[in-house]
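1. Everything below, folded, please.
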Amino acid sequence: MSVPDYMQCAEDHQTLLVVVQPVGIVPEESFFKIYKRISAVSQINVCDSQRVLYIRYRHHYPPENNEWGDFQTHRKVVGLVTITHCSSGKDWPQTFEKFHLQKEIYGSTLYDSRLFVFGLQGEIAEQPRTDVAFYPSYDECENVEKRIEDFIESLFIVLESKRLDRATDKSGDKIPLLCVPFEKKDFVGLDTDSRHYKKRCQGRMRKHVGDLCLQAGMLQDSLVHYHMAVELLRSVNDFLWLGAALEGLCSASVICHYPGGTGGKISARRTQGGSAATETANRHRPGAQEVLIDPGALTSNGINADTSTEIGRAKNCLSPEDIIDKYKEAISYYSKYKNAGVIELEACVKAVRVLAIQKRSMEASEFLQNAVYINLRQLSEEEKIQRYSILSELYERIGFHRKSAFFKRVAAMQCVAPSITEPGWRACYKLLLETLPGYSLSLDPKDFSKGTHRGWAAVQMRLLHELVYASRRMGNPALSVRHLSFLLQTMLDFLSDQEKKDVTQSLENYTSKCPGTMEFITLPDGLKLPPVPFTKLPIVRSVKLLNLPVSLRPQKMKSLLGQNMSTKSPFIYSPIIAHNRGEERGKKIDFQWVQGDVCEVQLMVYNPMPFELRVENMGLLTSGVEFESLPAALSLPAESGLYPVTLVGVPQSPGQITINGYHTSVFGVFSDCLLDKLPGIKTNGCTVEVIPALPRLQISTSLPRSAHTLQPSSGDDITTSVSVQLYNGESQQVIIKLENIGTEPLEKLEVTSKLVNAKGKLFGDFLSWNLEDTLSQFPLKPGNTATFTVYIKAKLDFSCQENLLQDLNDDGISVGGLPLSSPFRQVIKPRVESKPINPPETTKVGDFSHVKTLEAILNFKYSGGPGHGDGYYRNLSLGVHVEVEPSVFFTRVSTLPATSTRQCHLLLDVFNSTEHELTVSARNNEDLVLHAGECQRMAIQVDKFNFESCPDSPGERVQFASPKQLEEERQQAKGMEINSKLDIIWKIPSLKREGEASVEGVLNQLVLEHLQLAPLQWDVSVEGKLCDCDVVADCTVGDPVNLEVKLTNWSKRNVGPFSLTVIPYQDYQNGVHNYDLQDGISFLGSNTFYIDTVKPTENTVCTGALLFLYTGDFYLNIQFHEDNSGRELPLSWFCLPSIHIRAVNSVIQTKL
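-> Predicted coordinates for the structure are as follows:
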C-alpha cells in the first residue's frame, strides 16, 4: 500500500467503499453533479433490521490499495458505479465493454456494480436491466438516489452472506491464512500444521470477521471478535495483524463513544442503535472495562457461531483513555514493518482526530510528530502537498496554530517546488493566505493599531514577502502592491534601514505599473482584502484646525442678550446645559470658517524613514458641506522629528464640516487615513461651522509699510502697519485705498480708531476722517476700489523739560526777569565738559531731542453678502506708527496786563529744538525767526476768555471721576480754547514743513487766571459811549456829562449788593496824580453808586452825571467800598476800566 488516505478517521472502519468513476468522455461538471447526488446517499437502514449501513464514496482509488482489503475490509472496493455518456445505439456495445473493463480493475473485491448511461434512448434503453440504468440527460434523472439505495441493499446482502460464511466456517483446521501483499512471499514453505500457524489463522480470521461485523452494523459483535483476535494474535506475536485488531477495537470503541464522528464534520448518520450504544458507553467507568470471554464458547477452530452469550456478558468497549493507549500500541506494532508505513501514518491521523475531540492536545501532537517522521515511498509533489496540508489541518484542530501554519506554508512552498514543470502559484498563494492566522497575522491593518504587536515579526515579514512574490508570479500586480504596502505599514518598526530602502524601492517599481488604491481587492474564493492606508508614512502626531487669519475671521454682531447666549433655556445657568456644552466643545471648534475662503488644518508629522520622504497629493478628507481640498506636496527630511504641515481647502457652502482625515500618495500608493483610526493622535476638535460668504477687504496706503511691530495691550491683531515721521504739531494726510478682493459685494463699513501707545500726553485727535464720501461709493462690488482719507495729527506737549531749563539757567539767562521791551535772543551752547558722555537713563528722559512714538490702530469693520444677512462681519486693522520729533518748546509762559481790562499780553519764550531755521507766527503777529537751538520771546495780545461758557463733562463721567480728574479736564478745555484763538504756527522753510504749536500743556493755573475774563462784566459809558482804558471820551466844559455803569452777572451765583465811588483825578505824566479837583469837577448828585443783588445772567444799570468846569484831561477811577459781600469775591472780579475824559470849550467860546 503506497497511497495514504489522509482523510481517514476511525468511523471509516464501519463503511463500505464504493468507487464512482466516469467511463468514456463525460463532462467534468456533469460527472460531479451526478457524483454529488450519489454521495448524498451515505447511509441507509437495512430492511427488516435495526442496523445501519454506511457508505464511503471515492471517485479515485488506487488499485494497489485494494490489495489490503483482507487486512482491513474498509479499504476494499466492494461497489463500483460508472457514469457514461452514449448518444447512439451504435456506441452502446463499446460503452458496455468499457464498463466490464472497469470492473476488472476491482473485480476480485467487488460485491456489485452499476452503470448509469446518459443520453441514450430507444430500444436499448427500454430493456429492463438490474446493473444498467438509462437516463435521457443529466438533468432528467430523478431516481438516481433510489437506484443507489437499491444498489447498497444488494451490497449488504453480499456483505451479510460473507459475514455469516466466515463466522460459520466448518472446515475444521482448514482456515485460510489472510495475508497482506508483502507477506505472501514470506509464507512460502511455512509449516501449516503447526499450532502456531493455526492460531495465526484463527486470530487473523477473527479480526476479519470483526471488520465484517462492524461494516454490517453489528457494533457489539465486532467488539467481541476484536478482543478475541487480540488475544489470539498476541499469543503468536503476529504484530502486524495484532496492530490491526487493536486498531479495529479502537475504531469500534470510538464509534460507540462518539456517534457524531471524529472527522471534523457534523455527521448525518441516523444510528438506530445509538441510544443503546450510548447507554453501553455510559455504563462503564473509564479504566474499569475488562474482557470476560467464556473459554468454552470457543470451538476447536476458535470460532463460535453464536456470540450472543459473549455479547451479553462482556464489557468490551474501551474507555477514552484506553482507546489512545491501544492506538499507541497498534502504531508501535506497525512501525516494525517498513511496508506498513501508510497504515501507521493513517493510524496516527485517526488517533489525532480522537484526541482532538478529547481535547488532549499534547498527546495528539506526539502522534502527529510521529506521523511526520514516518518514511513512505518517494511521494509525488501532489502527495507531499496533501500530506503537509493534512498535517496542518490536524495541528489546527488540536490548537497548535503556529505549527499548523508552519506545515501549511511548507505545503505552499511545495506547490512551487523547482521539480514541478508548471508551478501552482495560485495554490501556493491560497495556502499562504491560510497560514496567516497561525502566525497571528491578519491582512486588515486595523488589527495592528490595537496595543502591542502580536506574533513573531521576522516570520511575519518572511510570509508577507512570500505573498508578494506569489501574487506577482500569479500575474496580479495590484495584489503585490497591496501586500507590500501592508508589509511596510505594519512591520515598519521591525525593518532595518536597509530593508526599508529595499521595500520602498520594490514598492515604487510595482506601483509604476499598477498604483496602489483604497479599493477592496476581491480574491477568487471571495476573500476581500481591505485597503492599507499609510498612516505611518508620515506619522501624524496631532491635527489642529486653524482659525482664519485675523483680518478674515468672522465676528457675530452682538445681540441684546449677548454674543455667547446659544441656548434657548429660560434659565440663566443650568448645570446640565453647562455639561453638554463642555462635551460639545470637545468636538466642535469655537471659531468659524467662511464659505469660499481658504481654510487651513495643521498637522504635526514625523518621517520615520532613514531617507527623504516625498509625499504627494496630500489633502483633507471631510464630511458635511461640500469642501474643495487643495492637495499639497511635501518633502520630509530623514527622521525629521515633528514637522508642521498645513493642508488647505475651500468650503463651498455654509453648514457644518467635519475633518475626518487626510489622503496621501506615497511611493505610488494612494491612502485615505482616518483620524479615528490613528492611535494617540491629539486634536482640538474636528467639526467646525461654516458661515455664509463675506466680502474680503484689502487696504493699501500712501505711506510706506512699517518695520515696527505693534504690540497692543488689548490683544488686537494688526493686519498691516504703516509708519511716518512727523514734527510735533505737524499733520499728515493719508490716502487709503479700499479694494474688495472677494466674491461678495461690500455693503457696510464702520471705521474706528484706538490709541495703543502714546509716550507723552497727546492733545487733540490723533486720527480723524470723514466717511461720507467713501460710503457714497458703496456697495463696493468685487474687484472695485474706493478711497478713504485719514488725517494724522501729532500734537504732544510743547512744554520744556527741566534739563533744558537748567541749560538756559546755567548760561546765566533769567528768562522770567527779562523786560517785555527787550526780547532776548540766545543760542544754547553745548557744554560737553560739564556733562557725562553717557548719561544715565533718568537724565535722558527729558532730552529735548528725544523722539517720541505714537501708535494707534485703525479698525475697519465691514460686511456684505449672505454673511451680512446672518449677522456676521469682519474686522481689518491698520497699525499706524508715528515717530514724533520735537519742533519748538515753550520754555516760559507769563502774562502782562494790557491797556484794556478785557485784554492781556501772553509772553511765550519759544525754543527751536530742530536743526533747521524755523519761523513762528501767531494771529495778528509778525513772524519770529529762530535759528537752530535758539530761544526768543514773543508777546501776543489776546482777549480775555470767558471760561464759564466751556461745556461741562457729562453727568455720568462727573459721577465716577475724581475731583483731580475733573479739574484736569477743565484745565484742558481752557487750554484748548486759548490755543484755538492764538493760532500759533511754526514753519521750516528749508523742508517746506509746518505745524501747529500748542500752548495747551504749558499754561499753569496762574496764567489761566490772568487770561480769564471776570464773571462780573462792568460796562462804563460816558454820554452813551462805551469807554475803556484806551478810549478817550470828549465833553464840553459846562455841559453835564452822563455816566452810566452797567453790571452783568455771568457767574452762577447771586452777587451784590455793591457800592461804587467815582474818584476823578488828573495824571501829570510824571508819576503825580492830582485828586484835588473840587474846583474843576462837580457831581450832579452823589458820586457814589449803589447796586442791588444781581442774579446770574441778569444785569443792572446805575447812572450819574458830572460837570467839568474847565478844560483838560481828566480820569475817573471807580472804586468799591469794602464790605462783607465784596470780600467773598476775588478782586479780579472787580476790574473796572479807568475812564479818560477830555473836557474842551464849546464852539462858541472858542470863537470868542
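2. so where's the stretch 1-150 of the chain uncertain?
-> Counting by pLDDT under 70, the stretch 1-150 of the chain shows low-confidence ranges at 1-2, 47-48.
3. Could I get the full set of strands for it?
-> Along the stretch 1-150 of the chain, counting by DSSP state E, counting those that start in this stretch, strands occupy 15-23, 43-45, 52-58, 77-85, 112-118, 132-135.
4. right, so of these, which gets closest to residue 658?
-> Between residue 658 and the strands of the stretch 1-150 of the chain, the tightest spacing by CB to CB is seen for strand 52-58, at 59.8 Å. Bear in mind the C-beta positions are built from the backbone N, C-alpha and C, glycine included.
5. just the angle between the closest one and strand 77-85, please?
-> Strand 52-58 and strand 77-85 are oriented at 60 degrees to each other (axes from the mean of the first three to the mean of the last three CA atoms, to 10 degrees).
6. burial measure for residue 1076, as a count.
-> By the criterion of other CB atoms under 10 Å, residue 1076 has 8 neighbours.
7. And the pLDDT at it?
-> What the model reports for residue 1076 is a pLDDT of 86.
8. that older thread, in a markdown table, list the strands of the stretch 1-150 of the chain along with distance to residue 486 and mean neighbour count.
-> Shown next, in a markdown table, are the strands of the stretch 1-150 of the chain (distance: least, CB to CB, whole Å; neighbours: other CB atoms under 10 Å):
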| stretch | distance to residue 486 | mean neighbour count |
| --- | --- | --- |
| strand 15-23 | 44 | 22 |
| strand 43-45 | 47 | 17 |
| strand 52-58 | 41 | 20 |
| strand 77-85 | 46 | 24 |
| strand 112-118 | 49 | 23 |
| strand 132-135 | 52 | 21 |
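9. Residue 784 against residue 740, yeah?
-> Yes. The pair formed by residue 784 and residue 740 meets the contact definition of CB atoms under 8 Å, at 5.8 Å.
10. Looking at these two, which one has more neighbours?
-> Using other CB under 10 Å as the criterion, residue 784 and residue 740 rank with residue 740 on top: 23 against 14.
11. can I assume that one is in contact with residue 779?
-> No. Under the criterion of CB under 8 Å, residue 740 is not in contact with residue 779, lying 9.0 Å apart.
12. quick one: common contacting residues for the two?
-> residue 746 (CB atoms under 8 Å, 6 or more residues apart in numbering).
13. and the strands of the stretch 1-150 of the chain as TSV, adding distance to residue 226?
-> Shown next, in TSV, are the strands of the stretch 1-150 of the chain (distance: least, CB to CB, whole Å):
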stretch	distance to residue 226
strand 15-23	17
strand 43-45	22
strand 52-58	18
strand 77-85	20
strand 112-118	27
strand 132-135	38
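14. Of all the ones you listed, which one is nearest residue 186?
-> Using CB to CB, the nearest of the strands of the stretch 1-150 of the chain to residue 186 is strand 77-85, at 25.5 Å.
15. Span of stretch 183-198 from start to end?
-> Using CA to CA, to the nearest Å, the end-to-end distance of stretch 183-198 comes to 16 Å.
16. for this structure, longest helix please?
-> Looking across the chain with DSSP state H, the single longest helix is helix 144-167.
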